[in-house]
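Undergrad: Okay, predicted coordinates and the sequence, questions at the end:
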Amino acid sequence: MRVVLQRVSRASVTVHDEVVGAIDGGLLLLAAFRLGDTADDLAWMATKVTGLRIFRDADDKMNETLFDVGGSVLLVSQFTLYGDARKGRRPSFIESAPPAQAEALYEQFAQALRDTGVPVATGTFGAMMQVELVNDGPVTLILDRGERERP
């Protein structure tokens with residue numbers, strides 16, 4: 001599982017000229033899933049994302065969590081995060097979970113985030129989406145569950 005996390009002052013996702021998800025402040029998560037991702041991976045990532053101390057406190061230090069600032073999450077699926085462009089000119093996506101499995105993982109991840117108590121808006125899985133954001137900072141992190149030893 002791979003997530004590109006961006007701290008935002010606002011973000012939205014549009015499908016066919018209709019806004020399907022939007023937040024004022026919090027985190028935009030672009031998420032990709034691969035073969036072998038499990039419910040434990042999803043729970044780990046949800047806890048990691050919501051617990052990161054990446055929001056500014058009264059002293060302008062990154063010391064607050066999503067909970068501390070009352071932020072929300074906008075979750076968008078992006079299978080291209082597993083694109084491998086090391087060879088040739090066309091990226092390979094063989095590490096990406098197949099669409100049916102990835103959609104189930106995406107829905108489960110959205111629920112795992114909601115289970116933490118954070119408000120969650122989502123894009124539309126598999127749709128062509130336009131994502132707009134105002135990156136706050138900018139703060140952007142890449143989190144990869146695959147780089148951590150699995151139990």
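TA: Alright, I've got the coordinates. Numbers count the residues shown, from 1 in each chain.
Undergrad: quick one: secondary structure of the nearest residue in space to Ala43 that is not next to it in sequence?
TA: Spatially, and ignoring its direct neighbours in sequence, Ala43 is nearest to Ala112 (5.3 Å; C-beta to C-beta, 6 or more residues apart in numbering). C-beta: built from backbone N, CA, C; applies to glycine. Following DSSP: H, G, I helix; E, B strand; the rest coil, Ala112 is assigned to helix.
Undergrad: ok, which stretches of the chain are strands?
TA: In the chain, the strands defined using DSSP state E lie at 2-15, 18-23, 26-32, 55-56, 62-64, 72-77, 120-122, 130-144.
Undergrad: closest to Pro91 out of those?
TA: Closest to Pro91 of these is strand 26-32 (C-beta to C-beta; 12.4 Å).
Undergrad: buried residues in that closest one?
TA: Using 16 or more other C-beta atoms under 10 Å as the test for burial, strand 26-32 gives Gly26, Leu27, Leu28, Leu29, Leu30, Ala31, Ala32.
Undergrad: swap in stretch 65-79?
TA: In stretch 65-79, counting by 16+ other C-beta under 10 Å, buried: Leu66, Gly71, Ser72, Val73, Leu74, Leu75, Val76, Ser77, Gln78, Phe79.
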